[in-house]
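Asker: Quick one, structure for this:
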Amino acid sequence: MALRRFLGFSDGELMRSDSKPCSRLMRQTAGIFTVGGGLGFWILCRLHYGPRITVPRSLRWAACGAVSVSSTTALLVRLFSPECEPQNIAAYDKGS
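Answerer: From the prediction side, this is the model:
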């Protein structure tokens, strides 16, 4: 699924054995960006609605931001990270 080979950025060689597996890299990236996306969209909600804000509305914005930002960054890591090339997943990724 990695686009690096399709775009010509990959030479098809294996990564070093001490690099992080793709599944762990995606999980950690998504976890970090879940918090950032939730806070970012909560701030956007506060700016958009101003004094008309309600708690359910702000929680809904924060949840949507957390889900959308974390899934988008996990997909980008999967598509563009050298650790997520097929030969590296086959060699090093035991989790999936």
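Asker: Mind naming the longest helix for this protein?
Answerer: Secondary structure assigned by DSSP state H gives helix 22-49 as the longest helix of the chain.
Asker: Show me what that helix packs onto, helices and strands only.
Answerer: helix 55-80, helix 86-92 (3 or more C-beta pairs under 8 Å, 6 or more residues apart in numbering; DSSP states H and E). Where C-beta positions appear, they are placed from N, C-alpha and C, glycine not excepted.
Asker: rerun that using 7 Å as the cut-off
Answerer: helix 55-80 (3 or more C-beta pairs under 7 Å, 6 or more residues apart in numbering; DSSP states H and E).
Asker: Distance-wise, check V35 relative to T29.
Answerer: 12 Å (C-beta to C-beta, to the nearest Å).
Asker: the more surrounded of these two?
Answerer: T29 (17 against 12; other C-beta atoms under 10 Å).
Asker: so who does the spatially closest residue to V35 that is not a sequence neighbour touch?
Answerer: Nearest residue to V35, sequence neighbours excluded (C-beta to C-beta, 6 or more residues apart in numbering): A66, at 7.4 Å. Taking C-beta atoms under 7 Å, 6 or more residues apart in numbering, we find A66 in contact with 34, 37-38.
Asker: Give me the pLDDT for R78.
Answerer: R78 is assigned a predicted lDDT (pLDDT) of 87.
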